[in-house]
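S.K.: Let's see this in three dimensions:
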Amino acid sequence: MSSTLLHLDASARRASFSRELGDAVADAWRTAHPGGAYLYRDLARDPVLHIGEAWTELCDHLLEHQITDPHRYREAVRTPA
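M.R.: Numbering: from 1, shown residues only. Okay, here's the model as predicted:
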């Protein structure tokens, strides 16, 4: 079983200490796990979308009705929000 590292950056500063530290840790991990998967996400550059009440209701509806096909997601939309 191979390992996976999820490397997240969130600082708005491109030259922040946390980014430098994260890079060093990720480099060391990749050296120690040459066959491991490496996933990187910069949350300052590509922020996560806001999850509000309408979004959670939509997800609850999808789960309740076991709608897993993305082409059927429109069926779960119940309000303009």
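
S.K.: what's the span of stretch 28-45 from first residue to last?
M.R.: 24 Å (C-alpha to C-alpha, to the nearest Å).

S.K.: One more: stretch 27-36?
M.R.: 12 Å.

S.K.: other SSEs contacting the top helix by length along the chain?
M.R.: Taking DSSP state H as the criterion, the chain has its longest helix at helix 17-32. On a contact count with 3 or more C-beta pairs under 8 Å, 6 or more residues apart in numbering; DSSP states H and E, helix 17-32 meets strand 4-9, strand 37-42. No exception for glycine: its C-beta is placed from N, CA and C like everyone else's.

S.K.: so can I have TSV of these showing mean pLDDT?
M.R.: Below are those laid out as TSV (pLDDT from 0 to 100):
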stretch	mean pLDDT
strand 4-9	97
strand 37-42	97
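
S.K.: any idea which of those is most buried?
M.R.: Across the helices and strands packed on helix 17-32, averaging neighbours per residue (mean count of other C-beta atoms under 10 Å) puts strand 4-9 on top, at a mean of 13.

S.K.: Indicate each strand paired with that strand and its parallel or antiparallel sense.
M.R.: Taking DSSP bridges as the criterion, strand 4-9 forms sheet pairs with strand 37-42 (parallel).
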